[in-house]
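> Okay, here's the prediction I keep looking at, along with the sequence it came from:
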Amino acid sequence: MARDFKHSFKVVAHAELPLVVYNSGFQKCPPGHGWGPGVRDHYLLHYVVSGRGTYEAEGRTFVLSAGDAFLARPETPILYQADREDPWEYYWVGFAGPSAALLLAQTPFTRTHPVLHPAAGERLRQALLDIYKARGADYPSAVRMAGYLQAALGLLMETAPPRGGEALTAYARQGAAFLQQNYSRSIGVEEAARQAGVSRSCLYRAFQAEFGCSPSAYLIRYRIQRATQLLRHSTLPISAVAASVGFEDPLYFSRAFRRAMGQSPTEYRQQNGPRNG
């Protein structure tokens, strides 16, 4: 039996990137070696290249062997352990970031199916090895590792079946985050759709499913919400409040505000503004 070994790398300071590698490596486990029960604060993907082991998650136990992959989700109790007679060897990567859930939603992984047997097994192993080879504590290394991680997730997406519900949720949240970050600019639904990587019509369906409104209505609602904060806590003229939250036309802002709040911006400030606090 081959002697056990472990090669691993852990990132201490996490870069500000949409996708961030936390750790990576590969290991030939000693008999019975395992981790858990416990929870991680990030996603953790393993790919088994030889041997056997078990993975417990979401109240289920899975028996894995060469060619299988398993995913652990943040804050989800897990336990995985190498077989005592034929312990596994695996490659892994731990990761997080704003884009992590969106990308994983395009793979066959689900909460009820955290294990799969990817067709592109050897290419996945190589992509995980490339992450480890690109390791480093500086920002360029973080970018390179994230790039190889995207390549690995792309391999998992190749045979992914349509995943309406989870994918739509991820698209909606990605689009909403973009709108919230850019509400003060002159932006449109097309930009939000490009940011989420989907068509305008797909983003519309995602917002209807997740928020019960269109992306345009969501943006107006968020702008009005920000406007109420300025009206309560600042003495900016109404026209300046309108411009600050992305309305180029003060009259259109006033009409939109009245539809949403049942009163004009001036009336709202008179009742809730800083002079009345």
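On my side now, so go ahead. None of these values were measured; they are calculated from a predicted model.

> rest of the way, CA atoms for contacts and neighbours
Fine.

> what's the spacing between the lowest-mean-pLDDT helix or strand in the chain and its chain's center?
The weakest-scoring helix or strand in the chain, judged by mean pLDDT, DSSP states H and E, is helix 164-182 (a mean of 82). On the basis of Cα atoms, centre = their mean, to the nearest Å, helix 164-182 sits 10 Å off its chain's mean C-alpha point.

> after that helix comes which helix or strand?
Moving toward the C-terminus from helix 164-182, the next helix or strand (DSSP states H and E) is helix 189-196.

> Counting neighbours, which bits of the helix or strand just after that next one end up buried?
Scanning forward in sequence from helix 189-196 by DSSP H and E, the next helix or strand is helix 200-211. By neighbour count on 16 or more other Cα atoms under 10 Å, the buried set for helix 200-211 is Arg200, Cys202, Leu203, Tyr204, Arg205, Ala206, Phe207, Gln208, Glu210, Phe211.

> same check, this time on stretch 219-231
Leu219, Ile220, Arg221, Tyr222, Arg223, Ile224, Arg226, Ala227, Thr228, Leu230, Leu231.

> And for it, what's in contact with it?
Defining contact as Cα atoms under 8 Å, 6 or more residues apart in numbering, one finds that stretch 219-231 is touched by 179-180, 183-184, 236, 241-242, 245-246, 256-257, 260, 265, 268-269, 272-274.

> Switch the buried residues of stretch 219-231 over to a markdown table; also include distance to Ala146, secondary structure and pLDDT.
Putting the buried residues of stretch 219-231 into a markdown table (distance: Cα to Cα, whole Å; DSSP: H, G, I helix; E, B strand; the rest coil; pLDDT from 0 to 100) gives the following:
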| residue | distance to Ala146 | secondary structure | pLDDT |
| --- | --- | --- | --- |
| Leu219 | 30 | helix | 95 |
| Ile220 | 34 | helix | 95 |
| Arg221 | 34 | helix | 93 |
| Tyr222 | 32 | helix | 93 |
| Arg223 | 33 | helix | 95 |
| Ile224 | 37 | helix | 95 |
| Arg226 | 34 | helix | 93 |
| Ala227 | 37 | helix | 95 |
| Thr228 | 39 | helix | 94 |
| Leu230 | 39 | helix | 94 |
| Leu231 | 42 | helix | 94 |
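
> Now tabulate those in JSON lines and tack on distance to Leu251.
Shown next, in JSON lines, are the buried residues of stretch 219-231 (distance: Cα to Cα, whole Å):
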{"residue": "Leu219", "distance to Leu251": "18"}
{"residue": "Ile220", "distance to Leu251": "14"}
{"residue": "Arg221", "distance to Leu251": "16"}
{"residue": "Tyr222", "distance to Leu251": "18"}
{"residue": "Arg223", "distance to Leu251": "15"}
{"residue": "Ile224", "distance to Leu251": "14"}
{"residue": "Arg226", "distance to Leu251": "17"}
{"residue": "Ala227", "distance to Leu251": "14"}
{"residue": "Thr228", "distance to Leu251": "16"}
{"residue": "Leu230", "distance to Leu251": "17"}
{"residue": "Leu231", "distance to Leu251": "16"}
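
> and of those, the nearest to Pro77?
Tyr222 (35.5 Å; Cα to Cα).

> For Pro265, see how far away that closest one is.
15 Å (Cα to Cα, to the nearest Å).

> Name the SS class of Arg135, please.
With DSSP: H, G, I helix; E, B strand; the rest coil as the basis, Arg135 sits in coil.

> Next up, identify which helix or strand the residue nearest to it when sequence neighbours are not counted is on.
Spatial nearest neighbour of Arg135, chain neighbours left out: Ser141 (6.0 Å); criterion: Cα to Cα, 6 or more residues apart in numbering. Here Ser141 sits within helix 139-157, counting by DSSP H and E.

> what does the average pLDDT come to for that helix?
What helix 139-157 shows for mean pLDDT is 94.

> outside of that helix, which residues touch it?
15, 17, 19-21, 103-104, 106-108, 118, 120, 123-124, 127-128, 130-132, 134-136.

> 6 Å instead?
With Cα atoms under 6 Å, 6 or more residues apart in numbering as the test, helix 139-157 has contacts from Leu19, Val20, Gln106, Thr107, Leu124, Ala127, Ile131, Ala134, Arg135.
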